[in-house]
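In: Need a 3D model of the sequence below.
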Amino acid sequence: MVTALVLLNVKRGKINEVGEQMAAIRGVSEVYSVGGRFDLVAVIRVQTNEEMAEIVTEQMLHIDGITDSETLIAFRMFSKHDLEAMFSIGIE
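Out: From the prediction side, this is the model:
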């Protein structure tokens, strides 16, 4: 599994639209609007580097409103939060 965090700057007034378009891309698991230097953070999880490259260098180019991006490729995951949440469905 290849995971990346993509930090996005977006034209004023386009945050919701860009966020929805990013979330609709297969492989994009989450999109957050955030405060700080960036407007949106997208989490991408795919099987191969080729799939990641296709999303970041091709599909994102077709989204009007993205002014700048920075892609952070994850090497290791230290939190087990996602796995624990997945296996604890229905447990109170």
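In: so what's the most centrally placed residue in the chain up against?
Out: When CA atoms, centre = their mean is applied to the chain, the residue found nearest the centroid is residue 42 (2.0 Å). Applying CB atoms under 8 Å, 6 or more residues apart in numbering to residue 42 gives the contacts 5, 6, 8, 22, 23, 28, 30, 31, 32. Bear in mind the C-beta positions are built from the backbone N, C-alpha and C, glycine included.
In: Tell me what the first one is bridged to.
Out: With DSSP bridges as the criterion, residue 5 is bridged to residue 43, residue 72.
In: would residue 59 count as being in a helix?
Out: Yes - Residue 59: assigned to a helix according to DSSP: H, G, I helix; E, B strand; the rest coil.
In: For burial, what's the neighbour tally of it?
Out: Applying other CB atoms under 10 Å, we find 16 residues neighbouring residue 59.
In: by contact count, what packs against the longest helix along the chain?
Out: Secondary structure of the chain per DSSP state H: the longest helix is helix 15-23. Helix 15-23 makes packing contacts with strand 2-10, strand 28-33, strand 40-46 when contacts are defined by 3 or more CB pairs under 8 Å, 6 or more residues apart in numbering; DSSP states H and E.
In: Switch those over to a markdown table; also include distance to residue 67.
Out: Converted to a markdown table, these look like this (distance: least, CB to CB, whole Å):
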| stretch | distance to residue 67 |
| --- | --- |
| strand 2-10 | 5 |
| strand 28-33 | 15 |
| strand 40-46 | 11 |
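In: I'd like to know which of those is closest to residue 77.
Out: strand 2-10 (7.2 Å; CB to CB).
In: Restricting the selection to alpha carbons, write the closest one to CSV.
Out: Taking C-alpha atoms only, strand 2-10 is exported to CSV below (Å, rounded to 0.1, in the frame of the first residue of the first chain):
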residue,chain,number,x,y,z
VAL,A,2,1.3,3.4,-1.0
THR,A,3,0.1,6.4,1.1
ALA,A,4,0.5,10.1,0.5
LEU,A,5,-0.7,13.3,2.1
VAL,A,6,-1.3,16.0,-0.4
LEU,A,7,-1.3,19.6,0.9
LEU,A,8,-3.3,21.9,-1.4
ASN,A,9,-3.7,25.6,-1.8
VAL,A,10,-6.9,26.6,-3.5
